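> how would this look folded up:
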Amino acid sequence: MSGEHKLALAASPSPQAQEAANELRRRYEWVSPGEAELMVALGGDGFLLQTLHTMLDRHRALPVFGMNLGTVGFLMNEWSPDLLENRLLAAKTIKVAPLRMEAVTIEGEKMSLAAINEVSLLRETRQTAWIEVSVDDRVVLAELVADGVLVATPAGSTAYNFSAHGPILPLESNLVALTPISPFRPRRWRGAILRDNTRIRFRVLDPVKRPVSAVADQREVRDVASVDVTVDRSNTLTLLFDPEHALDDRIAMEQFAI
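As a prediction, this is how the structure comes out:
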C-alpha cells in the first residue's frame with residue numbers, strides 16, 4: 001500500500017482483469033513481487049490459486065488480497081478501484097495451510113506438489129479405480145472401488161469436495177475431508193473427517209490395468225502407484241478479505257445454501 005506497504009499487482013489475461021489492472025496502475029504505486037510486502041490479484045478463483053501456487057514455488061508467500069474479475073469469485077473480494085489503501089488496512093486475515101502430495105508413479109518417478117483446495121485421485125479409463133486407503137499407517141479401507149477419492153482442506157471443502165457430496169469444513173477447524181468420488185464399493189461409505197495432522201496414504205491396487213492419476217489442484221501426475229497426503233504447515237498462506245466478505249463466514253453460510 002502506497003505509504004504503508006509495498007504492493008505488487010497480478011492480473012489474469014482476461015480483458016476485464018487487464019482493464020482493471022490498468023486502472024489500478026494509474027491510481028497507485030506498485031513494485032515487483034520480489035520487493036513487495038502484499039499482493040493484489042485480479043481475476044477469478046482459478047487465477048488466485050495460480051498466484052498462490054506461484055508464490056509457493058518461489059518460496060515467498062506474500063499476503064494476497066484478491067478482487068473478483070472472474071465468474072464465481074468465492075475466494076475473492078468485490079472489485080473496486082476506490083479506497084484500496086483503506087480496504088487493505090481494514091482487511092481480515094485468514095491463514096490457509098496447503099496440502100502436500102507425495103506421488104510415486106508405476107515407473108518409480110517421485111513428484112511432490114502442493115494443493116490449496118484438494119488432492120484428487122481419478123481413474124484414467126472407463127474401468128473403476130481400486131484403491132487401498134491408510135490413515136497414519138493403518139489400513140482403513142482395504143479396497144475402495146470408485147471413480148476416485150479426494151482429500152480437501154477447509155478452504156477447498158466447498159469446491160470439488162462439496163460436488164462429490166463431501167462435508168463443508170469450518171475454516172479454522174484443523175480438519176480435512178476424505179471423500180470418495182462415485183463409490184461402488186463399499187456402497188455405504190460416504191467419507192471421513194480427519195484431523196489435519198493425519199497422514200493419508202493411497203495405494204493403487206491394479207495400477208496397470210486400472211490406471212489412476214493424482215491431481216493437486218490443477219496439476220496432474222498420471223499413472224500413480226501410491227500417493228501420500230499431509231497438511232504442510234511450513235508453507236502457510238495468508239489471504240486478506242474485506243470484513244463483510246470474510247472467507248470463514250462464506251464457508252459457514254454455504255452449509256445453509258439451497
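
> which SS state does N22 fall under?
Using DSSP: H, G, I helix; E, B strand; the rest coil, the secondary structure recorded for N22 is helix.

> scratch that, Q16
Q16 falls in the helix class when you classify it by three-state DSSP.

> ok, now how distant is it from R126?
Distance, Q16 to R126, using CB to CB, to the nearest Å: 39 Å. Every residue, glycine included, has its C-beta placed from N, CA and C.

> Comparing those two, which residue is more hemmed in?
Q16 (16 against 6; other CB atoms under 10 Å).

> Settle this for me: that one is touching L69, isn't it.
Yes. Assessed by CB atoms under 8 Å, Q16 is found in contact with L69 at 4.7 Å.

> So which bits of stretch 160-175 are buried?
Y160, N161, F162, A164, G166, P167, I168, L169, L171, L175 (16 or more other CB atoms under 10 Å).

> shaky segments in the stretch 51-200 of the chain?
Along the stretch 51-200 of the chain, no part satisfies pLDDT under 70.

> Do a quick rundown of the helices in it.
In the stretch 51-200 of the chain, the helices defined using DSSP state H, counting those that start in this stretch lie at 84-90, 160-163.

> Could I get those helices in CSV, plus columns for distance to V204?
As requested, those are exported to CSV (distance: least, CB to CB, whole Å):
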stretch, distance to V204
helix 84-90, 46
helix 160-163, 20
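
> Of these, give the one that comes closest to E118.
helix 160-163 (5.5 Å; CB to CB).

> Tell me where the stretch 1-150 of the chain has strands.
Assignment of strands within the stretch 1-150 of the chain using DSSP state E, counting those that start in this stretch yields the ranges 7-11, 38-43, 64-68, 92-96, 99-105, 110-115, 118-123, 129-135, 138-152.

> Ok, which of these comes nearest Y28?
Proximity to Y28 (CB to CB) singles out strand 7-11 among the strands of the stretch 1-150 of the chain, at 6.7 Å.

> Could you export the strands of the stretch 1-150 of the chain as JSON lines, including mean neighbour count and distance to F184?
JSON lines is the format used below for the strands of the stretch 1-150 of the chain (neighbours: other CB atoms under 10 Å; distance: least, CB to CB, whole Å):
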{"stretch": "strand 7-11", "mean neighbour count": "20", "distance to F184": "42"}
{"stretch": "strand 38-43", "mean neighbour count": "25", "distance to F184": "38"}
{"stretch": "strand 64-68", "mean neighbour count": "24", "distance to F184": "38"}
{"stretch": "strand 92-96", "mean neighbour count": "16", "distance to F184": "33"}
{"stretch": "strand 99-105", "mean neighbour count": "21", "distance to F184": "24"}
{"stretch": "strand 110-115", "mean neighbour count": "17", "distance to F184": "25"}
{"stretch": "strand 118-123", "mean neighbour count": "24", "distance to F184": "11"}
{"stretch": "strand 129-135", "mean neighbour count": "20", "distance to F184": "10"}
{"stretch": "strand 138-152", "mean neighbour count": "19", "distance to F184": "5"}
